[in-house]
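Visitor: For reference, the sequence and a predicted model appear below.
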Amino acid sequence: MNPTKERQYQHLAQQLETLQNNLKITNGELVKLNNSVNKNMIDQIGKINYAWFFGSKECFEERFSNRNDPIN
């Protein structure tokens, strides 16, 4: 193989190794981001569900406390 081609292949191999390392780092960062987003989303859904539950509880308490007949 001529020296120019060999040098080009060595340079390409080095670039591919650098790319592979960068992709590993990027993959790790994306996993962290995904976990963070999922946790925040679950927290937000929990807050929304709590608000709905508490609001409906208040609504039912108000509605049933205004009734004259007891609930059986």
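Guide: Received the coordinates, thanks.
Visitor: Could you report the neighbour count for Met41?
Guide: 10 (other Cβ atoms under 10 Å). From N, CA and C alone the C-beta is placed, and that goes for glycine too.
Visitor: please renumber so the chain begins at 454
Guide: Shifting the count to begin at 454 puts that one at Met494.
Visitor: what bits of this protein have low per-residue confidence?
Guide: Applying pLDDT under 70 to the chain flags residues 520-525.
Visitor: quick one: the helices in it?
Guide: With helices called from DSSP state H, the chain shows them at 456-518.
Visitor: distance of Ala466 from Ala504?
Guide: 57 Å (Cβ to Cβ, to the nearest Å).
Visitor: Check Leu483 too.
Guide: According to Cβ to Cβ, Leu483 stands 31 Å off from Ala504.
Visitor: can you check Tyr462 too?
Guide: Counting by Cβ to Cβ - Tyr462 and Ala504 are separated by 62 Å.
Visitor: Equivalent analysis for Thr471, please.
Guide: 49 Å.
Visitor: for Asn491, same thing?
Guide: 21 Å.
Visitor: Kindly report the same for Ile478.
Guide: For Ile478, the distance to Ala504 - Cβ to Cβ - is 39 Å.
Visitor: again with Arg516
Guide: From Arg516 over to Ala504 (counting by Cβ to Cβ), the distance is 18 Å.
Visitor: cool, Met494 as well?
Guide: Counting by Cβ to Cβ, the gap from Met494 to Ala504 is 16 Å.
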